[in-house]
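Chemist: The sequence and its predicted three-dimensional model are supplied below.
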Amino acid sequence: MRTTRQTLLLKARDPENAQAWEEFFNQYAGPIQGYARKLGLDATDAADVLQETMVELIRILPDFTYDKKRGLFRNFVLTITHRRVQAAWRRRRARREVLLEDAGPLPSGGLEVADPGSTPGAEAELKWREEIFREALRWISSKPGLDAHTLDIFQAHVVHNRPVREVAAQFGVTPNLVYQIKHRLVNRLRKWVAPLAEELGEIE
Amino acid sequence: MKSNNPIPAPKDRKKPGTTRRDGHLPPSALFRRLQFVAKMMETAGAGSGPRIAWRDVRLAVHQRTLPADRPLVAGRDPSADICGENGQLSRRHFEVLQGPNGPTLRDLNSRNGTRVNGNPVKEHLLRDGDVIEAGRQVFVFLLE
């Protein structure tokens, strides 16, 4: 039945479900800005990308129809974000050209900066997923009952991919405790990521 | 009429917050602003091209599309495209024109200044969903 599997994006398009929209906004705000920063934008431009992406979503969501066969849902938000990042890049280049016109002749080479491609490729998707994961980590670290020590152990082992024995030795705990922490926090992360993972087509 | 927008009307209109230390805008500040923008979008309906939407004292929503060949002027002057009665609005308060990089707002040396998303501006390249404050009047810039 669709109701139990309804993604956050679908819930957010329901005009009566203001709470779902707020939840949707809070989950995506960090990843959108983080993704824009990863593609080289500064904080101001990244904030613009967030605003423009959300305004476009406000415009699109009420009429958005779900068609998984056409792959519309997959990376839906990423595609919009990526397009907005490109627009920000174009504005940035235009600003830079104006500044450089004032500054005089260009030195050969050197100042050109890479523009993200027209569509989000595999590398862009990876960056997007990293931002989703980072936001999930921020979420679990903000919850009460999780001390900094536990989070450090989790980050050392899971995020930085360091061996269990090495992490256990560094933090003065048993390897078993490192496994327990990993298990506990991965379960918490799953709860946060699940709605987003559905949108990415990873959960049926 | 049933609302067609996922964001409810704002309960209050607070000033947008400042940027966090990590460079991210506080989501709550932007969310509040977007609540207002969404309400205006919902009431104004679909438009064509860049435009300014605002509410009058009776809360009726109006919008003016940015002309291609001249600036769109807002102020108390009867000849202004957007003419407001608000006493804190200068006769010619600000204008929006098609600049080389996109729609641009210029403050016309108004007495009380113009703010975009809470920040005082003299000239500003407008983004979709920007909130413009002139005197006590609030406008929203919409790109589509």
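Modeler: Here it is on my side, so go on. Quick caveat: nothing in here was measured; it's all calculated off a predicted structure.
Chemist: Student question: in chain A, what's the helix or strand with minimum average pLDDT?
Modeler: helix A:2-5 (a mean of 35; mean pLDDT, DSSP states H and E).
Chemist: mean confidence for stretch B:86-96?
Modeler: For stretch B:86-96, the mean per-residue pLDDT is 90.
Chemist: so what does the worst-scoring helix or strand of chain B on mean pLDDT touch, helix or strand wise?
Modeler: Every helix and strand of chain B was ranked by mean pLDDT, DSSP H and E. The lowest is helix B:27-44, at a mean of 80. Helix B:27-44 sits against helix A:18-38, helix A:43-60, strand B:51-55, strand B:61-65, strand B:131-134, strand B:137-142, with contacts defined as 3 or more CB pairs under 8 Å, 6 or more residues apart in numbering or on different chains; DSSP states H and E. For glycine as for every other residue, the C-beta is placed from the backbone atoms N, C-alpha and C.
Chemist: Specify the stretch among the ones you listed that is closest to B:Asn86.
Modeler: strand B:137-142 (4.9 Å; CB to CB).
Chemist: quick check: angle from that closest one to strand B:61-65?
Modeler: Counting by axes from the mean of the first three to the mean of the last three CA atoms, to 10 degrees, strand B:137-142 points 50 degrees away from the direction of strand B:61-65.
Chemist: And the residue of chain A closest to chain B?
Modeler: Residue nearest to chain B within chain A: A:Ala43 (3.1 Å; CB to the nearest CB).
Chemist: Would you point out which residue is most central in chain A?
Modeler: With distances taken as CA atoms, centre = their mean, A:Pro31 lies nearest the centre of chain A, 2.6 Å away.
Chemist: What about the closest residue to that one other than its chain neighbours, how many residues nearby?
Modeler: Nearest non-adjacent residue to A:Pro31, counting by CB to CB, 6 or more residues apart in numbering or on different chains: A:Glu131, 3.8 Å away. Applying other CB atoms under 10 Å in any protein chain shown, we find 22 residues neighbouring A:Glu131.
Chemist: With just CA atoms, put stretch A:41-61 into CSV.
Modeler: Taking Å, rounded to 0.1, in the frame of the first residue of the first chain, the C-alpha atoms of stretch A:41-61 are listed here in CSV:
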residue,chain,number,x,y,z
LEU,A,41,30.3,28.2,-4.4
ASP,A,42,30.9,30.5,-1.4
ALA,A,43,28.4,30.7,1.5
THR,A,44,26.5,33.6,0.0
ASP,A,45,26.0,31.9,-3.4
ALA,A,46,25.1,28.6,-1.6
ALA,A,47,22.4,30.4,0.4
ASP,A,48,21.0,31.8,-2.9
VAL,A,49,21.0,28.2,-4.3
LEU,A,50,19.1,27.0,-1.3
GLN,A,51,16.5,29.8,-1.6
GLU,A,52,16.1,29.3,-5.4
THR,A,53,15.9,25.5,-5.1
MET,A,54,13.2,25.7,-2.4
VAL,A,55,11.2,28.3,-4.3
GLU,A,56,11.3,26.1,-7.4
LEU,A,57,10.1,23.2,-5.3
ILE,A,58,7.2,25.3,-3.9
ARG,A,59,6.3,26.0,-7.5
ILE,A,60,6.6,22.4,-8.7
LEU,A,61,5.6,20.2,-5.9
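Chemist: That stretch: how far from the chain's middle?
Modeler: Centre-to-centre, stretch A:41-61 and its host chain are 13 Å apart (CA atoms, centre = their mean, to the nearest Å).
Chemist: for stretch A:78-89, same thing?
Modeler: 13 Å.
Chemist: Now do the same contact list for the residue nearest to the centre of chain A.
Modeler: By CB atoms under 8 Å, 6 or more residues apart in numbering or on different chains, the contact list for A:Pro31 reads A:128, A:131-132, A:134-135.
Chemist: hang on, isn't A:Glu135 packed against A:Ile32?
Modeler: No - with contact defined as CB atoms under 8 Å, A:Glu135 does not reach A:Ile32; the gap is 9.6 Å.
Chemist: tell me the mean pLDDT for the strand or helix carrying A:Ala94?
Modeler: Element membership for A:Ala94, per DSSP states H and E: helix A:76-103. What helix A:76-103 shows for mean pLDDT is 76.
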